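> Quick check, what structure comes out for this input:
(2 chains)
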Amino acid sequence: MANMANVLGLIFANMHETSVADLTKQRTLASVPFGGRYRMIDFPLSNMVNSDIDNVGIITKDNYLSLMDHLGSGDEWDLSRKTGGMHLLPPYGNSNALYRGRLEALAQVKPFIESANAEYVLLSDTDVVANIDYRPVIDFHEKNGADITVVYGRGTFTTEQTMTKTVLSVNSDNVVYDVLIRPEISGEHNVSLNMFVVRKDFLLDVIRDAESRNLYSFEVDVLQKRLHDIKVLGYKYDRPFSQIDSMNTYFKSNMSLVDKSLRDELFMSDAPIYTKVRDDAPAKYGIDADVKNSLVADGCIIEGTVENCVLFRGVKVEKGAKVKNCILMQDTYVGAKAEMNFVITDKNVSISEYRSLAGTESYPVFVNKGVTV
Amino acid sequence: MKHVKKECVAMLLAGGQGSRLYALTKDMAKPAVPYGGKYRIIDFPLSNCVNSGIDTVGVLTQYQPLVLNEYIGNGHPWGLDRVHGGVHVLPPYESSLGKSWYEGTANAIYQNISFIDRYNPEYVAILSGDHIYKMNYNKMLEFHKAHKADATIAVLEVPWEEAPRFGIMSADENDVIYEFAEKPAQPKSNLASMGVYIFSWQNLKKHLIANENDEGASKDFGKNIIPAMLAEGNKLVAYHFDGYWKDVGTIDSLWEANMDLLDPNVPLDLHDSRWKIYSRNPVMPPHYASPESVIQNSLISDGCNIEGLIDFSVLFAGVTIEPGAVVRDSIIMPNTTIKKGAVVEYAIIGEDCVIGENAKIGARPESIEDKDTWGVAVIGHGVTVCDNAEIKPKAMISENV
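All right, here's what the predicted structure looks like:
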């Protein structure tokens, strides 16, 4: 087994934000709410902690207030430590410090990487919902002497989806022999889960080289261009995962959690997904509550009808209201006799009495944070 | 080591066995008993302390302290992991004098005089660790200061017929207490002590030492300290509290206190964000209600998976209710599974239990002819009840059946 104390985790909080632009107007992708009580970053962060990686840097770019609020000192993930622990790494340096890609982001945190007491670095974005044990990934990387190990998953995708992804060709020796970035090819493919393992000294060489050549994209300038000069291996993750690439996938992926077997795969008791604690009371069901096929978080008060929904913490559904096929984020208020179908509400939305809102399965209506309808 | 001075230190008496909760307190002290879907009883006084601005709390443990010690940990869930102050678990200890077990409430505080003195406080709040209530101790402290009292005792008006179960205060129109009677057969007042006291520390310390030197004393606040203060002419005042307060010392009162949370007319709102009750939160996804489930008038916590019928019940985190199972008027503690077709009525089921298929636990009072044989059925923590078993009302089960 690999020595996980030798691994530095680095999470990119801002990548892929355009794929769910409505949700990232005032927050990073990392702090997008998911699954009734989580934020996207809870998955990579908890996965790292559950894999004994206790030194994690979180690279931010902009809009990171909500992320800071969510993470606090890192103690909910048991990452408030004397040595290592969680470090939020905001943009740093001169005024044009906002990076264009992973390589520039890494260049900005180079001193942090250099000073880390680690042999390997695990890079991860925050667009994947999965429960991954990174220990066998590090083992695989170490045993095979790879320069870069890319974690990939296999699935069937539409053209719209592949146009947001990195598609890999991997041979039977786990060698990645082709990398297509955002191709228009529907069908069954291996897609990068945007998690990479590299040796720290290799990564630092790559960063220094990129700085001197003004390169910024890890995928284009390293993975693609240097694919045949270096040893790039693919590690197949074959348990369920969901990669948030559009509002449509976001909606479906939240809804898929009503499946118990999927929930059991994702929220395992020996590898739990941690999140910020809110200290809400248990959910309260009133005398006329009628809830079917839904996930309901603590702090909700339900007096009306709820069907095929994901209700985040502190949602209130008044008497006579009918909510179907909806994702209602934290503290959404649904007034008496309001009707909603295929709606996603951001935090603190208020739907007045008797209002009716309807979207469709492929185009759910989205209501912005704090809006009263 | 020099400590930062604190105006008020709280001492929480959490050593109680809670013997009338039988199977539920076999392996844990009463303050650790689960309550209200995600809490343990001690969350109430601890949260009250934090919400009242008291950040230094000693928790006196004695009986079965393991669960309580682990639960309190470093005090982080209540915001009591502090550089100065914070929460400290204070078990009995052996000193050069050879003393050990806490022999009474006053003796427990006496043995921790040095803990309190480290913070050099003006006042000490003495609290019970086994009552359910929301109370602002800071307001009580202001009252204590305004009255220049030596001791302030929180009191509650109770029905006269219940008064003999309590410590009863007689107070004049200025709230000055002139008489105190512990569980009087013929009560002269219906002002009951809630077990919440604020003392001016130097005076209390003097009384604790005197009481300790009195060989015949039972070393108890109600029996010794309060009467001694009255006899000496100290100023004791009654602080009236009119909110929700419940001593959950018996199975019936524990059951009722949970059911009270489902009654919109009971003034104990756990959803009030201005006075949150903090607890160690389970790390579990939101609960799931299946297409076949029916849930009404209930509290359901994270991690539950519900495919049966739930009515007038409180479900703690991680409870599984299989299809066709029915739970009415009951309390199901964390991580318990109720299997297919089982019927649970008027029951308290402990943590980590398994209720087998088609088992029948408890019964509705209407269905029993002889009302004396009826009562809430209790299944202790970790018990497995086999398929088709029948557990009668009022039963107390602590071994697998």
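
> so what's the closest residue in space to residue A:135 that isn't next to it in sequence up against?
Leaving aside its sequence neighbours, residue A:135 sits nearest to residue A:51 (Cβ to Cβ, 6 or more residues apart in numbering or on different chains; 5.1 Å). In this view, the C-beta of every residue, glycine as well, is placed from N, C-alpha and C. Contacts for residue A:51 (Cβ atoms under 8 Å, 6 or more residues apart in numbering or on different chains) come out as A:4, A:132-135, A:138.

> Would you mind checking those for buried ones?
The neighbour-count criterion (16 or more other Cβ atoms under 10 Å in any protein chain shown) marks A:4, A:132, A:134-135, A:138 among the contacts of residue A:51 as buried.

> Most widely separated two among the residues you listed?
Largest separation among the buried ones among the contacts of residue A:51 by Cβ to Cβ: A:4 and A:132, giving 13.4 Å.

> those helices in chain A, which residues are they?
A:42-50, A:65-71, A:102-108, A:110-115, A:135-144, A:159-162, A:200-213, A:247-255, A:260-266 (DSSP state H).

> What lies in contact with the fifth one?
With Cβ under 8 Å, 6+ apart as the test, helix A:135-144 has contacts from A:1-2, A:4, A:7, A:51-52, A:120, A:122, A:146, A:149, A:151, A:174, A:195, A:197, A:231, A:233, A:235.

> hmm, back to that, out of the buried ones among the contacts of residue A:51, flag the one nearest to chain B.
Nearest to chain B, judged by Cβ to the nearest Cβ, of the buried ones among the contacts of residue A:51 is residue A:132 at 17.0 Å.

> That closest one reaches residue A:48, doesn't it?
No: with contact defined as Cβ atoms under 8 Å, residue A:132 does not reach residue A:48; the gap is 9.3 Å.

> quick one: furthest residue from the center of the chain?
Using chain A. Within chain A, the residue lying farthest from the chain centre (Cα atoms, centre = their mean) is residue A:287, at 37.2 Å.

> The intended chain is chain B.
residue B:291 (36.8 Å).

> any weak-confidence spans in chain A?
A:93-98 (pLDDT under 70).

> Spell out which parts of the stretch 201-350 of chain B neighbour chain A.
Counting by Cβ under 8 Å from any Cβ of the partner chain, the stretch 201-350 of chain B comes close to chain A at B:270-271, B:276-279, B:281, B:283-291, B:293, B:295-302, B:305, B:310, B:314-316.

> Cross those residues against strands and list the overlap.
Among these, the members falling in strands (DSSP state E) are B:287-289, B:295-296, B:298-300, B:305, B:310, B:314-315.

> Including pLDDT and neighbour count, could those go into CSV?
Formatted as CSV, those follow (pLDDT from 0 to 100; neighbours: other Cβ atoms under 10 Å in any protein chain shown):
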residue, pLDDT, neighbour count
B:287, 97, 27
B:288, 98, 23
B:289, 98, 31
B:295, 98, 26
B:296, 96, 18
B:298, 98, 24
B:299, 98, 23
B:300, 98, 32
B:305, 97, 19
B:310, 98, 29
B:314, 98, 29
B:315, 98, 31
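
> Specify which member of those is nearest to residue B:356.
Among those, residue B:305 lies closest to residue B:356 (Cβ to Cβ), at 17.6 Å.

> quick one: low-confidence ranges for the stretch 51-200 of chain B?
Judged by pLDDT under 70, the stretches of the stretch 51-200 of chain B that qualify are B:99.

> Okay, strands next: where are they in it?
For the stretch 51-200 of chain B, the strands defined by DSSP state E, counting those that start in this stretch occupy B:56-60, B:86-90, B:123-128, B:131-133, B:151-157, B:167-171, B:177-182, B:191-200.

> touching chain A at all, the fourth one?
No: legend: contact between strand B:131-133 and chain A by Cβ under 8 Å from any Cβ is lacking; minimum distance shown is 13.3 Å.

> neighbouring strands for that strand, and are they parallel or not?
Using DSSP bridges, strand B:131-133 pairs in its sheet with strand B:245-247 (antiparallel).

> Give me the contacts around the strand it pairs with.
B:130-133, B:135, B:156, B:194-195, B:253, B:256-257, B:260.

> 10 Å instead?
Here strand B:245-247 makes contact (Cβ atoms under 10 Å, 6 or more residues apart in numbering or on different chains) with B:35, B:41, B:44, B:128, B:130-135, B:154, B:156, B:158, B:165-166, B:192, B:194-196, B:253-254, B:256-258, B:260, B:266, B:268.

> Please give the centre-to-centre distance between it and its chain.
Remark: strand B:245-247 is offset 8 Å from the chain centroid, using Cα atoms, centre = their mean, to the nearest Å.

> what comes up buried for that strand?
B:245-247.

> What is the nearest of those residues to chain A?
Closest to chain A out of these is residue B:246 (16.7 Å), distances taken as Cβ to the nearest Cβ.

> Now the terminal residues of stretch B:323-338, how far apart.
Using Cα to Cα, to the nearest Å, the end-to-end distance of stretch B:323-338 comes to 9 Å.

> what about the closest residue to residue A:41 other than its chain neighbours, how many residues close to it?
Of all residues not flanking residue A:41 in the chain, residue A:30 sits nearest, at 3.8 Å (Cβ to Cβ, 6+ apart). Close neighbours of residue A:30, defined as other Cβ atoms under 10 Å in any protein chain shown, add up to 31.

> Next one: residue A:30 from residue A:55, what distance?
Distance, residue A:30 to residue A:55, by Cβ to Cβ, to the nearest Å: 18 Å.

> what about the stretch 201-350 of chain B, any weak spots by pLDDT?
For the stretch 201-350 of chain B, applying pLDDT under 70 flags no range at all.

> Write out the residues of the stretch 151-300 of chain A neighbouring chain B.
Taking Cβ under 10 Å from any Cβ of the partner chain as the measure of proximity, the stretch 151-300 of chain A contacts chain B at A:257-260, A:263-264, A:266-267, A:269, A:272-300.

> Which members of these are positioned in strands?
Those of these lying in strands (DSSP E): A:283-285, A:290-292, A:294-296.

> list the contacts for residue 90?
No chain was given, so I picked chain A. Residues near residue A:90 by Cβ under 10 Å, 6+ apart: A:13, A:58-62, A:64, A:67-68, A:97, A:108-109.

> Chain B is the one I meant
B:11-12, B:14-15, B:57-62, B:102, B:108-109, B:111-112, B:115.
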